[in-house]
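Colleague: When you get a sec, could you give me coordinates for this:
(2 chains)
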Protein chains: 2
Amino acid sequence: MSGHLFAGLDIGGTKALGVVVTLYNNYEVIATARDSSHGDGTALINTLAKLCEELASTASSAATPTTDTNPPTTDTATPIRFEAVGIAMAGLANRSGVVHYSPNLPEIVELPLAQGLSDELATRLGYRPRVSLDNDATSGTWAEAHLGAGRGCDDFIFVALGTGIGTGYVVGGQLLQGANGFAGEAGQMIVDINGPTHITGVRGPWEYFGSGNALERMGREAAATGGFDMAADLANSVEALTGRQIHEAIGAGDTQALRILDEYSAHVALGIANLVMILDPARVIIGGGVADIGEPLRSGIERELQTTILGVSHRPTPEVVLAQLGAEANAIGAALMANDLLDGTPENTA
Amino acid sequence: MSGHLFAGLDIGGTKALGVVVTLYNNYEVIATARDSSHGDGTALINTLAKLCEELASTASSAATPTTDTNPPTTDTATPIRFEAVGIAMAGLANRSGVVHYSPNLPEIVELPLAQGLSDELATRLGYRPRVSLDNDATSGTWAEAHLGAGRGCDDFIFVALGTGIGTGYVVGGQLLQGANGFAGEAGQMIVDINGPTHITGVRGPWEYFGSGNALERMGREAAATGGFDMAADLANSVEALTGRQIHEAIGAGDTQALRILDEYSAHVALGIANLVMILDPARVIIGGGVADIGEPLRSGIERELQTTILGVSHRPTPEVVLAQLGAEANAIGAALMANDLLDGTPENTA
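Modeller: Numbers count the residues shown, from 1 in each chain, chains lettered A, B, ... in the order given. I've put the predicted structure just below:
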């Protein structure tokens, strides 16, 4: 088994998630680990290396057959080796292994992350695994394509609604990566040229209106202006209101929360409609943390798309589905991409 | 030679253009013809059939060797046959041969155009050529890919600035057509959600700001408010001012006209920046009637892109070049697509 273990690391705006995936016969996540993603390049590399150590330790226990007479201990666990390690990260991160620019981690600029982690792992693990780097949503797209909601579809778009908006596209069965591997930054697409200024300094990008942060902002604004009475039951103050609590109110069927969701769904649909007119996909996969809302979000986006895509009565509308790999999609995708780096194609293709 | 002649027809918002192209060894346009594109489906089919008759007649003369002692006449001309006929049209037109919806020709809805033209040509020409149908900008993109400014580049976008904005994309050397052949409608991408209402009824699509019609509108608005004094020398009234005359003022180096061009270039760059963030092309090809302005337009767009693409200092910017096939690009592309329909790939590939 040790020849088929891959580590996948997903670096988000605030959190880092690691998984160990087996990629033979079927895929299986046999270990996970979490940490924060704060700090500069050196801190980030240390965080990721520590995650890998923890993953190796957990996976070693998991990979060792246990019986009542032979309980797992650190001493008896079979040491495992990672075939390769994949990193997924928001922003301009590509196969060169260098993070050029990441909107959510402004301290990280022109960082040779793959090389840095490879060096650190050589010291900590005693061997040097290959390390690949790709954009997070691109990785998530590849995971959904092979193991999730993209199976059986040659033309789909994946939209991850989280801190920001990440997107990825499969076109004619191929991952669309672009000339430099930077394709999929649709979250930065300007949809309101005279709109509010985003944290990136740009006015009116889709991400400002359609990200998980946007939903949180909309909930707080509604709470502050008397449009979301249930908020007072959920949080001590308007400022303390989180996305998780807005999900809760939606789940409870609160009318005001559902109205906020309607408006938010229209914002999400706006950017998706632009992508549909550009790429003409057969399927739209909604992922990221906000997708935990589930069916009310999916159906809201589907409904809003009907009024936003031009000429919609004269073309097939893409089906709108929820992602299947949840919060681990990007990390699993990073492991798949690391496998691709070694041999060209994943072993377990749909 | 007759086995290698293809007709390509480009249906614009107001004009129809036909070409006869030879596609062996190198491509050559041996005949052209023009007409208007007004009217309903029947009128359009008749217009196109007449164009084909005229093209066949002109091409027959062109294909007959002439000497002083053997002047070409209608009687002695070798009758030519079209191997196939390709149609390029704005809007939702695809390989099914049906025009589903065309923003600039609102009378044309769900029209089985390829079949209709094939029937009409069977009567008029005495044989039934295969007829293909594709989106106009998609056709133009394919023409530039094989015979024009896209040669040698596997990842480029083609932006045709005319009555509206048409776009097409080559990704990894392949034409991106989408699940239904409707990809490339970036002109309808919303960039100003609270902006002015376009002829399509949608608020603030890129086309409203960046098309040739937009440049004309900007020129007239400037002329009406004292911002374009040279307009009075060029046209009898503000209403009579055309794009051609604005080009003329730009060509003459008129400061006010150049200021209008700067603003227009920023509008064009806005949509291109969105496409660059989505598709990450290595090259941007500017075509359509507005591209006749040439270098001042190209350099203006290139300059504006530098301030519009997020993270531009951390990624290679695509080169911005002018299209090479001029007003005939879409029609030539339609002929190439007709050839593809017959045998899978054009004979004359770059």
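
Colleague: Pretty sure A:Phe182 sits in a strand.
Modeller: No: A:Phe182: not assigned to a strand; according to DSSP: H, G, I helix; E, B strand; the rest coil it is coil.

Colleague: can you pull up the bridge partners for A:Gly166?
Modeller: Beta-bridge partners for A:Gly166, by DSSP bridges, are A:Ala160.

Colleague: dump the residue contacts of it.
Modeller: By Cβ atoms under 8 Å, 6 or more residues apart in numbering or on different chains, the contact set of A:Gly166 is A:Ala90, A:Asn135, A:Asp136, A:Ala137, A:Gly140, A:Val159, A:Ala160, A:Gly184, A:Gly187, A:Gly288. Bear in mind the C-beta positions are built from the backbone N, C-alpha and C, glycine included.

Colleague: now swap in A:Ala252 and tell me
Modeller: Contacts of A:Ala252 (Cβ under 8 Å, 6+ apart): A:Met230.

Colleague: again with A:Ile272
Modeller: A:Ile157, A:Val159, A:Val284, A:Ile301, A:Leu305, A:Thr308.

Colleague: Sitting in strands, which of these do you find?
Modeller: Counting by DSSP state E, the part of the contacts of A:Ile272 found in strands is A:Ile157, A:Val159, A:Val284.

Colleague: list the contacts for the closest residue to chain B within the stretch 201-350 of chain A?
Modeller: The nearest approach of the stretch 201-350 of chain A to chain B comes at A:Asp280, 2.5 Å away (Cβ to the nearest Cβ). By Cβ under 8 Å, 6+ apart, the contact set of A:Asp280 is A:Asp155, B:Gln177, B:Gly178, B:Ala179, B:Asn180, B:Gly181, B:Phe182, B:Ala183, B:Gly184, B:Glu185.

Colleague: what's the neighbour count on A:Ala232?
Modeller: By other Cβ atoms under 10 Å in any protein chain shown, the residues close to A:Ala232 number 12.

Colleague: What residues does A:Glu216 make contact with?
Modeller: A:Leu241, A:Thr242, A:Gly243, A:Ile246.

Colleague: Just among the contacts of A:Asp280, which is most surrounded?
Modeller: B:Glu185 (30 neighbours).

Colleague: ok, residues contacting stretch A:18-30?
Modeller: A:1, A:4-10, A:31-34, A:48, A:51-52, A:54-56, A:58-59, A:62-63, A:80, A:82, A:147, A:328, A:331-332, A:335-336, A:339, A:346-348.

Colleague: hang on, the earlier thing: going by neighbour count, which of the contacts of A:Glu216 are buried?
Modeller: Neighbour-count burial (16 or more other Cβ atoms under 10 Å in any protein chain shown) is assigned, among these, to A:Leu241, A:Gly243, A:Ile246.

Colleague: Let's have the contacts of A:Glu216 in TSV, adding pLDDT, distance to A:Trp206 and secondary structure.
Modeller: Formatted as TSV, the contacts of A:Glu216 follow (pLDDT from 0 to 100; distance: Cβ to Cβ, whole Å; DSSP: H, G, I helix; E, B strand; the rest coil):
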residue	pLDDT	distance to A:Trp206	secondary structure
A:Leu241	94	23	coil
A:Thr242	93	22	coil
A:Gly243	93	18	helix
A:Ile246	96	20	helix
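
Colleague: Return the closest of those with respect to B:Val312.
Modeller: A:Gly243 (30.9 Å; Cβ to Cβ).

Colleague: Excluding residues flanking it in the chain, which one is nearest the closest one?
Modeller: A:Glu216 (4.7 Å; Cβ to Cβ, 6 or more residues apart in numbering or on different chains).

Colleague: to the chain's geometric centre, what's the distance from the strand or helix carrying the one you found?
Modeller: Taking DSSP states H and E as the criterion, A:Glu216 maps to helix A:212-224. Relative to its chain's centre, helix A:212-224 lies at 21 Å (Cα atoms, centre = their mean, to the nearest Å).

Colleague: which residues touch whatever residue of the stretch 51-200 of chain A ends up closest to chain B?
Modeller: At 2.5 Å from chain B, A:Gly178 is the closest residue in the stretch 51-200 of chain A, using Cβ to the nearest Cβ. The contact partners of A:Gly178, by Cβ under 8 Å, 6+ apart, come to A:Gly184, B:Asp155, B:Val171, B:Leu279, B:Asp280, B:Pro281.

Colleague: per-residue confidence for the nearest residue to A:Gly187 once chain neighbours are set aside?
Modeller: Nearest non-adjacent residue to A:Gly187, counting by Cβ to Cβ, 6+ apart: A:Ile165, 3.4 Å away. Predicted confidence (pLDDT) at A:Ile165: the value is 95.

Colleague: cool, A:Asp154 as well?
Modeller: 97.

Colleague: Ramachandran angles for it?
Modeller: phi -90, psi -20 (degrees, to the nearest 10).

Colleague: Excluding sequence neighbours, find me the nearest residue to it.
Modeller: Once flanking residues are discounted, A:Asp154 sits nearest to A:Gly173: 4.4 Å by Cβ to Cβ, 6+ apart.

Colleague: hey, where'd the strands end up in chain A?
Modeller: A:5-11, A:15-24, A:26-36, A:84-89, A:92-93, A:99-101, A:109-111, A:130-135, A:156-161, A:165-171, A:174-175, A:283-287, A:319-322.
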